[in-house]
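Trainee: Any chance you can model this:
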Amino acid sequence: GYAERYRTLPRSPRPYPGPYHGIACFSALDEDVWIIRLAWAAALLGDALVPDDRRAIREGLFVPAREHLARVRYRQVQNVANWDNSALLTLAMLLGDDAAIDDILEGEHGVRDELARGVGGDGLWWEVSLSYHYYVLAALSWTVRGLRASGRPFAQEGIVREMFRTPLDLAFPDGSLPAVNDCWYQISLLGEVGHGIPGSEGFHELAWA
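Mentor: Numbering: from 1, shown residues only. Modelled structure (predicted):
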């Protein structure tokens, strides 16, 4: 259904922020979160989809979604850019575009650049909000899992590991976390850490695995 409609869906009438709009979703950030899961679903289904359906979904949804997200991509060292990178990398891997994969990994504001400039020596994301820290980590979790699933090496996994450890170092004795900057007040190692992402236990179960 999305593949039949995606190319003709109207833009959001009041995009935020600025031109960073979605097509199926309000913002391109929401579009990132949405399309990553659909791409993984399509990859996992594989040959269970008949060839005509695979082709229709590819050409009607994944190709134009990648074109749109590449066009509005956030080019800053910022939490949102990591979701753009993860979505674009996931789509490039699904579509078999090696040149795009290399650019998203190595280019300016790509995965490696965001990690190099965005993560401090203490493993904390530079925006100094643990909700944002976990939000970036959620995007990076999809990125690293996608690279591992495709058999591609990723030299900066060590930085991601440190990002998983950092909240443990900052936690108070009761498991709560400092709610500094733009952060959820109730953030805790024992519960929610941000909007639209797993609770802390989901992150650290993945880190353990």
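Trainee: Could I get the average pLDDT for the longest helix seen in the chain?
Mentor: Secondary structure of the chain read by DSSP state H shows that its longest helix is helix 130-149. Taken as a whole, helix 130-149 carries a mean pLDDT of 96.
Trainee: mind listing the helices in this structure by residue range?
Mentor: Per DSSP H, the chain has helices spanning 2-5, 28-45, 51-57, 63-72, 79-95, 98-106, 111-118, 130-149, 157-170, 200-208. These are given in chain order.
Trainee: Out of those helices, which is closest to S188?
Mentor: For the helices of the chain, the distance to S188 is smallest for helix 200-208, at 6.7 Å, taking C-beta to C-beta. (Each C-beta comes from the backbone N, C-alpha and C, glycine too.)
Trainee: Point out where this structure drops to low pLDDT.
Mentor: Counting by pLDDT under 70, the chain contains low-confidence ranges at 12-17.
Trainee: In terms of secondary structure, what does the longest helix of the chain contact?
Mentor: Other helices and strands packing on helix 130-149, by 3 or more C-beta pairs under 8 Å, 6 or more residues apart in numbering; DSSP states H and E, are helix 79-95, helix 111-118, helix 157-170, helix 200-208.
Trainee: Identify each buried residue in that helix, please.
Mentor: Judged by neighbour count using 16 or more other C-beta atoms under 10 Å, the buried positions of helix 130-149 are 130-144, 146-147.
Trainee: Turn the helices of the chain into JSON lines, including distance to Y185.
Mentor: Rendered in JSON lines, the data for the helices of the chain read as follows (distance: least, C-beta to C-beta, whole Å):
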{"stretch": "helix 2-5", "distance to Y185": "36"}
{"stretch": "helix 28-45", "distance to Y185": "22"}
{"stretch": "helix 51-57", "distance to Y185": "41"}
{"stretch": "helix 63-72", "distance to Y185": "31"}
{"stretch": "helix 79-95", "distance to Y185": "19"}
{"stretch": "helix 98-106", "distance to Y185": "35"}
{"stretch": "helix 111-118", "distance to Y185": "24"}
{"stretch": "helix 130-149", "distance to Y185": "10"}
{"stretch": "helix 157-170", "distance to Y185": "15"}
{"stretch": "helix 200-208", "distance to Y185": "15"}
